[in-house]
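*Asks:* Here is a sequence with its predicted model. Questions after.
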Amino acid sequence: MKNIEALQGILTERASIESDYVKSLQKLSKKLSEISEQGSLNAALVRIREELDSESTQRQQFSSDLKQHASTLAAVHKEVKKSAKG
């Protein structure tokens with residue numbers, strides 16, 4: 001059962017790390033949106049911002065998935081403990 005708890009903790013910690021990374025990516029994207037340029041440099045800035053936004057969205061989904069897996073493990077752990085007592 002300790003392994004289930006350990007894995008749950010690791011998944012929760014990783015989800016937190018991903019959430020922090022998402023916030024950082026969003027800040028960078030916002031900074032890029034405040035820069036105004038012309039021509040090909042503007043196109044490059046727009047593309048970089050789009051990539052940051054896409055990465056942010058994917059990482060946010062990954063963080064949510066990790067949280068869901070941690071929650072599932074918590075439920076399994078609870079049931080295993082309950083069965084062991086019964």
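*Replies:* Arrived safely.
*Asks:* Sketch out the low-pLDDT regions of this protein for me.
*Replies:* Counting by pLDDT under 70, the chain has no low-confidence residues at all.
*Asks:* which residues of the protein fall in helices?
*Replies:* Along the chain, the stretches classed as helices by DSSP state H are 2-33, 39-85.
*Asks:* Okay, the most centrally placed residue in the chain and K81: tell me how far apart.
*Replies:* The chain has S63 as the residue nearest its centroid, 2.9 Å off, counting by C-alpha atoms, centre = their mean. S63 sits 27 Å away from K81, going by C-beta to C-beta, to the nearest Å. All C-beta atoms are positioned from the backbone trio N, CA, C, and that covers glycine.
*Asks:* which non-adjacent residue is nearest the residue nearest to the centre of the chain?
*Replies:* E18 (3.8 Å; C-beta to C-beta, 6 or more residues apart in numbering).
*Asks:* Wait, that neighbour touches L66, no?
*Replies:* Yes: between E18 and L66 there is a contact under C-beta atoms under 8 Å: 6.7 Å.
*Asks:* ok, now which ones touch the residue nearest to S63?
*Replies:* Applying C-beta atoms under 8 Å, 6 or more residues apart in numbering to E18 gives the contacts R59, Q60, F62, S63, L66.
*Asks:* Can you name the residues in contact with stretch 37-47?
*Replies:* L32, I35, S36.
*Asks:* now do stretch 26-36
*Replies:* Residues outside stretch 26-36 that contact it (C-beta under 8 Å, 6+ apart) are N42, L45, I48, R49, L52, D53, S56.
*Asks:* Please list only the buried members of the residues you listed.
*Replies:* Buried residues within the contacts of stretch 26-36, defined by neighbour count using 16 or more other C-beta atoms under 10 Å: R49, L52, D53, S56.
*Asks:* Which of those sits closest to S71?
*Replies:* S56 (22.6 Å; C-beta to C-beta).
*Asks:* any idea how far R14 is from the closest one?
*Replies:* Between S56 and R14 the distance, using C-beta to C-beta, works out to 17 Å.
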